[in-house]
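*Asks:* Build me a structure from this.
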Amino acid sequence: MAIFDALRHVSTYLKEAHQSGRHHLADLYELVQYAGNIVPRLYLMVTVGSVYMEVPDAPVKEIMRDMMEMARGVQHPTRGLFLRYYLSGQTRNSLPLGTEDGPEGNITDSIQFILTNFIEMNKLWVRLQHQGHSREREKREMERKELRILVGTNLVRLSQLDSVDLPVYQSTILPSILEQIVSCKDVIAQEYLMEVIIQVFPDDFHLRTLGPLLSATAQLHPHVNVKQIVIALVDRLAAHAAREADSNEDDEEASEIPASPKAASKAEDPAEEKPEGEAKETNNEQVAGENEAGEDSEATAQEAESVSTPKPPKVRRIRGIPEDVKLFEIFWGKIVDLVKFRPDLSIQDITALLVSLINLSLSCYPDNLEYADQVLGFAKEKTLEYREKPELQHKDTVANLQNLLTAPIQHYSSILTLLDLPNFNTLLSLQPYQIRRAIAHAVVGSILKNETVISTPDDVNGILELCAVMIRDQKDGGHNSSPFRSTRNSRNESGNVDLEEFAEEQGQLARIIHLFKSDDADTQAAILSAARKQLGDGGERIRYMFPPLVIQAVKLARRFKKLQDTDEGWEKKCATLFKFIHQVISILHNKVDNSDVVLRLFLLAGQSADECGFEDICYEFFVQAFTIYEESISESKAQFQAITLMVGTLQTTSCFNLDHYDTLITKCALHGAKLLKKPDQCRAVMTCSHLWWGTMIVGQGENGEETVYPYRDGKRVLECLQKALKIADSCMDSVTNVELFVEILNRYIYYFEKQNESVTVKYLNGLIDLINTNLGNMENPDQHPPAANSSSLLEHDPARIPDYVMTHFRNTIYHLERRKNGGDEKYTELDTGVAI
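*Replies:* Numbering: from 1, shown residues only. Down below sits the predicted model:
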């Protein structure tokens with residue numbers, strides 16, 4: 001390489017000497033041929049000849065032929081390669097590009113010159129494998145790989161010629177290159193040169209020459225990695241289609257095939273590195289680097305337009321692919337033939353080819369689902385063929401099959417497209433658990449990401465079938481198939497069931513149920529029924545699946561209610577829907593220990609039935625809720641929360657007759673009074689007092705206006721408050737005692753302000769006096785140390801409870817004083833003077 005740099009200086013000197021008249025290049029060209037040794041003679045000849053070619057009126061054609069013939073004198077592989085590489089580099093800027101015949105040459109002569117040099121260099125490169133001892137074969141192969149750039153540079157030269165158009169490439173360049181590649185029968189040469197062809201020539205050229213290119217691939221040496229060659233070509237054309245689709249420049253437009261490779265997209269060079277010392281000369285020649293032809297594409301296109309060649313007819317393009325090029329069919333036929341006639345291809349190679357092919361189909365023909373399904377069908381056949389063979393379980397095969405199934409999910413924004421691929425689910429069912437689970441996660445992730453609405457029962461069945469691995473236990477399942485089994489596989493390294501991961505997975509799946517919706521109410525009912533049938537076999541999974549299903553059913557009941565003026569059969573449909581809700585919740589209760597959620601769902605269903613005016617159904621739901629409370633809820637905190645929920649829900653109902661309502665609220669009060677902890681009893685009874693004092697309910701009147709709830713019994717309210725006061729007084733802890741008194745005082749004030757005639761000022765004065773009396777018990781913390789909070793609801797720091805109680809009471813008194821000072825006659829007899 002150092003010699004190359006030195007000879008470059010000689011070239012500069014010779015050019016200047018010729019221009020100054022000191023030496024004529026024709027004389028020098030003849031003189032150097034008398035040198036004694038052939039190698040120095042040829043280097044000097046190439047140096048002078050390349051400069052001579054730049055001189056006006058020089059016999060370029062004769063010089064090119066002469067140098068090419070003389071270069072045959074060096075048959076040593078390594079020396080010959082470097083000599084011809086030097087010849088190629090020195091003449092690259094002097095090659096004729098015209099079209100007229102004459103001694104100055106034309107583009108045809110340049111093409112033939114480069115092709116001849118390529119063929120001779122490839123022969124020398126192949127001969128390198130036969131040099132030296134057989135023990136050094138690996139070393140020679142490494143040397144050959146290091147020298148491959150010298151051969152590949154010729155193909156880069158061809159791709160950079162401005163006047164090379166598609167007809168010339170089809171008729172002259174490609175046939176000569178392929179003939180040499182096939183005939184050399186060398187694995188290293190064939191793999192490398194096919195890769196170079198794919199990368200350095202434009203996409204449009206490949207689109208028009210797929211037939212001969214793929215045919216040559218089938219004729220390569222049996223040990224050649226044909227898979228990698230075909231995949232490289234498929235991936236390049238798929239990327240081309242994707243780029244064109246993104247730019248939106250060629251959708252349904254007519255365009256012309258570029259007149260030269262430079263007018264096409266930037267080509268990449270597959271060689272890995274270039275020889276040292278040739279940084280300047282070979283910067284644009286690397287086969288492993290980038291082909292700079294794409295950098296000046298616009299300028300070269302303008303130059304090409306000036307060439308007086310007939311323009312090809314305009315061709316309609318879709319996503320960058322000419323309409324008359326059946327790209328997928330060509331690749332499909334060649335790949336099928338390749339698999340058929342190359343039995344040595346492993347299942348890993350076959351699946352890798354199919355991954356590239358389906359990516360091509362999705363990039364170039366996204367609307368033609370038959371192509372993608374065709375690939376999936378072929379993969380299904382091969383999976384069945386290799387089902388009993390260990391190769392199918394190879395990590396590469398597993399990865400390829402997963403990529404094959406993931407490709408449509410990633411490409412289409414609507415996951416429903418998968419349902420139009422009949423072979424997708426069939427192929428998925430043949431895969432091992434890990435792949436099925438990964439695909440199910442991808443399906444759920446796509447639905448949630450794109451918020452895909454699933455609006456028909458068939459679509460619901462199809463989507464849930466794709467996610468079956470997340471819905472039902474699998475016979476071949478891994479550690480997440482059924483984490484509730486007491487099996488070794490269902491536990492993590494520490495021996496504990498990995499419920500956190502399972503819960504997250506099921507939570508994701510449960511979210512898609514909220515996207516099961518249709519604009520038609522009847523269709524929505526069918527959707528929910530289909531979903532229940534699919535999800536009902538999930539075992540413990542229904543803990544996560546059924547609650548959102550009930551929520552969707554409750555929403556549907558409200559929709560049926562709104563259709564009462566237009567749908568005469570809405571009541572029957574709604575009643576059927578509530579039976580469905582009852583069935584779903586009952587199954588959840590019977591199969592899963594999740595009483596708290598079941599109780600909430602029954603209360604929600606009862607509230608919905610009340611809104612729709614179904615008294616008997618509403619009563620049944622509340623009865624079920626009370627039954628769940630009595631039979632399944634035993635923890636104190638859960639009981640108190642359940643009582644609070646039942647009170648709040650009952651207070652919003654309006655459809656019950658007096659007997660039903662009185663039965664339910666009395667039962668609720670009895671349960672509240674039987675709680676384990678005294679503070680909980682007190683608070684529950686206070687809360688139940690609201691059941692006998694209805695409030696304004698929005699939208700329940702005939703005209704949709706606020707209507708006062710008909711059931712109010714002030715005496716029963718007072719009884720509840722008095723009972724709560726009695727329970728609070730029985731508490732042993734002085735701080736808790738005062739805390740409950742203050743809460744009861746606030747409840748008295750509420751009813752007093754709501755015009756409950758049974759609650760009078762004397763009760764307020766008496767309770768304030770009682771609280772002030774008991775406050776003294778909190779002033780000496782040594783005598784009455786704060787105990788741990790015995791309430792199941794509030795969690796205060798025991799040391800700070802006295803401050804909390806004092807602040808609460810102080811704020812309550814402040815509120816009463818403001819009312820009294822505001823001139824309200826009801827508060828005239830109120831005595832707050834003794835308060836702190």
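*Asks:* Please count neighbours and contacts with C-alpha atoms only from this point.
*Replies:* Noted.
*Asks:* so what does the helix or strand hosting residue 586 touch, helix or strand wise?
*Replies:* Here residue 586, judged by DSSP states H and E, is contained in helix 570-591. Packing partners of helix 570-591 (3 or more Cα pairs under 8 Å, 6 or more residues apart in numbering; DSSP states H and E): helix 542-562, helix 595-612.
*Asks:* Would you mind pulling the contact partners of stretch 664-671?
*Replies:* Stretch 664-671 has contacts (Cα atoms under 8 Å, 6 or more residues apart in numbering) with 622-623, 643, 646-647, 650, 684-685, 688, 691.
*Asks:* Which one (most neighbours) among those?
*Replies:* residue 685 (30 neighbours; other Cα atoms under 10 Å).
*Asks:* Would you mind confirming that it makes contact with residue 720?
*Replies:* Yes. The criterion here is Cα atoms under 8 Å, and residue 685 meets it with residue 720 at 5.9 Å.
*Asks:* buried stuff in stretch 738-751?
*Replies:* The neighbour-count check on stretch 738-751 (16 or more other Cα atoms under 10 Å) flags 738-749, 751 as buried.
*Asks:* which one of the helices and strands packed on helix 570-591 is the most hemmed in?
*Replies:* Of the helices and strands packed on helix 570-591, the one with the most neighbours on average (mean count of other Cα atoms under 10 Å) is helix 595-612, at a mean of 23.
*Asks:* Report the mean per-residue pLDDT for that one.
*Replies:* What helix 595-612 shows for mean pLDDT is 95.
*Asks:* Skip ahead from it and say which helix or strand is next.
*Replies:* Using DSSP H and E, the helix or strand that directly follows helix 595-612 along the chain is helix 615-632.
*Asks:* Throw the helices and strands packed on helix 570-591 into CSV and include distance to residue 762, thanks.
*Replies:* Formatted as CSV, the helices and strands packed on helix 570-591 follow (distance: least, Cα to Cα, whole Å):
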stretch, distance to residue 762
helix 542-562, 47
helix 595-612, 38
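*Asks:* Can you show me the strands along the stretch 251-400 of the chain?
*Replies:* 253-255, 315-318, 321-322 (DSSP state E, counting those that start in this stretch).
*Asks:* Can you point out the buried residues in the second one?
*Replies:* Spelled out, it's strand 315-318. Under the neighbour-count criterion of 16+ other Cα under 10 Å, strand 315-318 has 316-318 buried.
*Asks:* how about the CA coordinates for it, as CSV?
*Replies:* Provided in CSV are the C-alpha atoms of strand 315-318 (Å, rounded to 0.1, in the frame of the first residue of the first chain):
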residue,chain,number,x,y,z
VAL,A,315,-44.6,1.9,-14.5
ARG,A,316,-47.2,2.2,-11.8
ARG,A,317,-45.7,1.6,-8.4
ILE,A,318,-47.2,0.6,-5.1
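*Asks:* how far out from the middle of the chain is stretch 606-615?
*Replies:* Offset of stretch 606-615 from its chain centre (Cα atoms, centre = their mean, to the nearest Å): 42 Å.
*Asks:* contacts for that stretch?
*Replies:* Identification of contacts with stretch 606-615 by Cα under 8 Å, 6+ apart yields 554, 557-558, 561, 575, 578, 617-622, 649, 652-656.
*Asks:* Then stretch 826-833?
*Replies:* Identification of contacts with stretch 826-833 by Cα under 8 Å, 6+ apart yields 761-762, 764-765, 768, 813, 816-817, 819-820.
*Asks:* any idea of the mean pLDDT for that stretch?
*Replies:* The predicted model assigns stretch 826-833 a mean pLDDT of 80.
*Asks:* Can I get that stretch in CSV, CA atoms only?
*Replies:* Output in CSV follows, covering the C-alpha atoms of stretch 826-833 (Å, rounded to 0.1, in the frame of the first residue of the first chain):
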residue,chain,number,x,y,z
LYS,A,826,-82.8,26.7,66.5
TYR,A,827,-79.4,27.3,68.2
THR,A,828,-80.7,29.8,70.8
GLU,A,829,-80.8,27.3,73.6
LEU,A,830,-77.5,25.7,72.7
ASP,A,831,-75.0,26.0,75.5
THR,A,832,-71.3,25.9,74.3
GLY,A,833,-69.9,28.1,77.1
